[in-house]
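[1] What follows is a predicted structure for the sequence shown.
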2 protein chains.
Amino acid sequence: MNLEPVNLTQALSSFDDVYSPRIVTRMNDYDVRIAHAKGEHLWHVHSDTDEFFLVLDGHLDIAIRDTDGSEHTVTLGQGDVYVVPKGTEHKPASAAGADILMFEPAQTLTTGDWHEGEVPAHVDSTTGHDL
Amino acid sequence: MNLEPVNLTQALSSFDDVYSPRIVTRMNDYDVRIAHAKGEHLWHVHSDTDEFFLVLDGHLDIAIRDTDGSEHTVTLGQGDVYVVPKGTEHKPASAAGADILMFEPAQTLTTGDWHEGEVPAHVDSTTGHDL
């Protein structure tokens, strides 16, 4: 846990990597993570946990694959929050770029318990990095 | 859980009550809550959980009472995040007002497992209200 306040704007400006979350602080057994989003992430699933998103800047599209195989996209702008339910296949993407905040259990892998295809070079498969 | 995105600015404008958190969404067994802060909350403790704060607008002061009885204040501005460790006596306050987001286990009481003195009329002792 970080015992000092952290300013999200400063924290976001301290790194440039895309889809490579930094752990801003921890509470109980959860991480608060921030990331830059740009381009397409990949389809993946977190089998055992929901995942919370808050868009701090820009726009984030989260493609959702329903249990019947159909897909729809949730479009999030600045100040929008959204929870991807556990077990739901999803793929974040951002054409113009976004800064996002996520809550999720510590050790949650960015590419999930399952992912579709190869992990692209611009996506970091990680449980998060310290600031 | 709210399966639709929620815009925090719109959600905050949907109520005026001070220190009366609304549950924006849930993830796993946690609430994401938003509140307006104005004036002094009261000294209280959450014995079993950390409490995450993000200041969305304005300034929030969190007075912290250390185990030796000494007190200090953590001052948070827009975009600042801070975690009050479990078991820590604390008292939020905002002279000019603030809008805040909190992350904490569902059923966490705003006035904690212990609080000092009477609950003031402008503080809602609640586990959060739906939007």
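    On my side now, so go ahead.
[2] Tell me the residues of chain A that contact chain B?
    Residues of chain A lying near chain B by Cβ under 8 Å from any Cβ of the partner chain: A:1-9, A:24-28, A:30, A:32, A:49-52, A:54, A:56, A:74-77, A:79-83, A:85-86, A:101, A:103-105. Just so you know, the C-beta spots here come from the backbone N, C-alpha and C atoms, and that holds for glycine as well.
[3] Strands - which of those land there?
    A:6-7, A:24-27, A:30, A:32, A:51-52, A:54, A:56, A:74-76, A:80-83, A:101, A:103-105 (DSSP state E).
[4] among the residues you listed, which ones are buried?
    Listed as buried from those are A:6-7, A:24-27, A:30, A:32, A:51-52, A:54, A:56, A:74, A:76, A:80-83, A:101, A:103-105; burial here means 16 or more other Cβ atoms under 10 Å in any protein chain shown.
[5] mind showing which ranges of chain A have poor pLDDT?
    A:1-2 (pLDDT under 70).
[6] which SS state does the spatially most distant residue from the centre of chain A fall under?
    Residue farthest from the centre of chain A, counting by Cα atoms, centre = their mean, is A:Asp68 at 24.1 Å. With DSSP: H, G, I helix; E, B strand; the rest coil as the basis, A:Asp68 sits in coil.
[7] How far does stretch A:41-53 sit from its chain's centre?
    8 Å (Cα atoms, centre = their mean, to the nearest Å).
[8] Nearest residue to A:His115 in space, please, no chain neighbours.
    Spatial nearest neighbour of A:His115, excluding adjacent residues (Cβ to Cβ, 6 or more residues apart in numbering or on different chains): A:His44 at 3.9 Å.
[9] Fine by me, thanks again.
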